[in-house]
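**Student:** structure for the following, please:
(4 chains)
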Number of protein chains: 2
Amino acid sequence: MRWEPNARGRLERAAMELYRERGYDHTTVAQIAERAGLTERTFFRHFADKREILFAGGAELQRLVVAAVASAPASASPLGAAVAGIEAAGTMLEERRGRRFARQRQRIIAASPELRERELHKLAAMAAGVSEALRERGAGEPGASILGEVAVAIFRIAFERWVAESSGPGLLELMRESLDELQALTAQGQPAGVRA
Amino acid sequence: MRWEPNARGRLERAAMELYRERGYDHTTVAQIAERAGLTERTFFRHFADKREILFAGGAELQRLVVAAVASAPASASPLGAAVAGIEAAGTMLEERRGRRFARQRQRIIAASPELRERELHKLAAMAAGVSEALRERGAGEPGASILGEVAVAIFRIAFERWVAESSGPGLLELMRESLDELQALTAQGQPAGVRA
DNA sequence: CGGCTGATGTCAGTAACTGACATCACAGTA
DNA sequence: TACTGTGATGTCAGTTACTGACATCAGCCG
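**Tutor:** Next comes the predicted model:
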């Protein structure tokens, strides 16, 4: 199979299958490569490490989010622009591969600390991207950093609720719900004894 | 040195030294063990992996934060309780080891993707702890999850600014600043075209 | 003195990753 | 058609993080 096309895709597919069949840590890179009809060395030419193969689409998602933040209407507030970014991500996740795929993938990730760490890293990169895009829209510090983190936190929580069940409200809906909750909970005028 | 006391402490010290001298990835576990007068195997009895030795104090910090959230006055709002948690963490970091130590440590972590991932994992655990503590105070979902994430995001950003320079405003001050910024930026009544 | 316990050492093994170099399919190009 | 360069792949040897099984040693308790 050395010269069959789409080696990278074959590796991704083989990895997903094996991770589902025997779990991430009971799968070796050699096994993935073998199922894809390739060698271990070739695996590492396509993916930096054993984790990365599950996050291949991350860069594209990030570009999408950053582009959405950058192209939000000039009249939009910083929060509005940040939300536009994660809404773009949400839309893509719902349409491109669907909830079913997201669930399987998330089950694999949740089962392995290594993979959870890598996922956090990807989300942190996304937050940094949103923050940077906000800065280019003129937002100052620490506001831009905060909104990047907050937007991604909302995305993350909505996503977790979304994949937790196979039906129910859509990702976008859950994100709006979380956003409303955030605004309610951070509104000024808390009871006495809280702030200075 | 086999029976010298405080093997764990010696390992921690040796690791910090070596990571600073030659960098994290040019340091082997065998070298750390050797400098501490122990063997590689013993290293792994004290620390789960090569990264963990830099995060040994993490569990204690987390307990402190969770305890502070839980013991916030009953009159405090959820946001107030979450903030009390990270303020406790900030106070400890400022007093216990100081900004100097935090800077050195952060420089090491920033230089290695592996270590950054591990740090994100620790912060995520802290967020989960805050969220859980808020739930036990009666907060609902998704509010508790959101506030846990948001509080830790504020902590993180303030911490980054704090270690970025060797003098300037204190951690607590930076946290309050970030919190104010968050409240200003998420306040309702954005300009038209932002929310539905 | 002797046995128990916990911390450490020793050894062998697995698997992730890397660098150096060889090989093969294919595309141009003379 | 033969030649050549290029990019993807294979092969091989090596390093290092980590693990399991078993041996050893210091100190404590009876």
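
**Student:** what about the most centrally placed residue in chain A, which helix or strand?
**Tutor:** Centroid check for chain A by C-alpha atoms, centre = their mean gives A:Leu123 as the closest residue, at 5.5 Å. Of the helices and strands defined by DSSP states H and E, A:Leu123 is found in helix A:113-136.

**Student:** and chain B, is that helix touching that?
**Tutor:** Yes: on the criterion C-beta under 8 Å from any C-beta of the partner chain, helix A:113-136 is in touch with chain B at A:113, A:116-118, A:120-121, A:124. All C-beta atoms are positioned from the backbone trio N, CA, C, and that covers glycine.

**Student:** save those residues as a markdown table, and put in pLDDT and neighbour count too.
**Tutor:** Below are those laid out as a markdown table (pLDDT from 0 to 100; neighbours: other C-beta atoms under 10 Å in any protein chain shown):
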| residue | pLDDT | neighbour count |
| --- | --- | --- |
| A:Pro113 | 97 | 14 |
| A:Arg116 | 98 | 16 |
| A:Glu117 | 98 | 21 |
| A:Arg118 | 98 | 23 |
| A:Leu120 | 98 | 20 |
| A:His121 | 98 | 21 |
| A:Ala124 | 98 | 20 |
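
**Student:** and of the residues you listed, the nearest to A:Arg137?
**Tutor:** When the residues of helix A:113-136 next to chain B are compared for distance to A:Arg137 (C-beta to C-beta), A:Ala124 wins out at 20.5 Å.

**Student:** what sits against the residue nearest to A:Ala124 when sequence neighbours are not counted?
**Tutor:** Distance criterion C-beta to C-beta, 6 or more residues apart in numbering or on different chains; nearest residue to A:Ala124, sequence neighbours excluded, is B:Leu120 at 5.7 Å. If you count contacts by C-beta atoms under 8 Å, 6 or more residues apart in numbering or on different chains, B:Leu120 has them with A:117, A:120-121, A:124.

**Student:** cool, and A:Glu136?
**Tutor:** A:Ala70.

**Student:** wondering if the helix holding A:Leu123 reaches DNA strand C at all.
**Tutor:** No: Helix A:113-136 does not reach DNA strand C (C-beta under 7 Å from any atom of the strand); its nearest approach is 8.6 Å.

**Student:** stretch A:143-152 - what's its average pLDDT?
**Tutor:** Averaged over stretch A:143-152, pLDDT sits at 98.

**Student:** buried stuff in it?
**Tutor:** For stretch A:143-152, burial by neighbour count (16 or more other C-beta atoms under 10 Å in any protein chain shown) applies to A:143-152.
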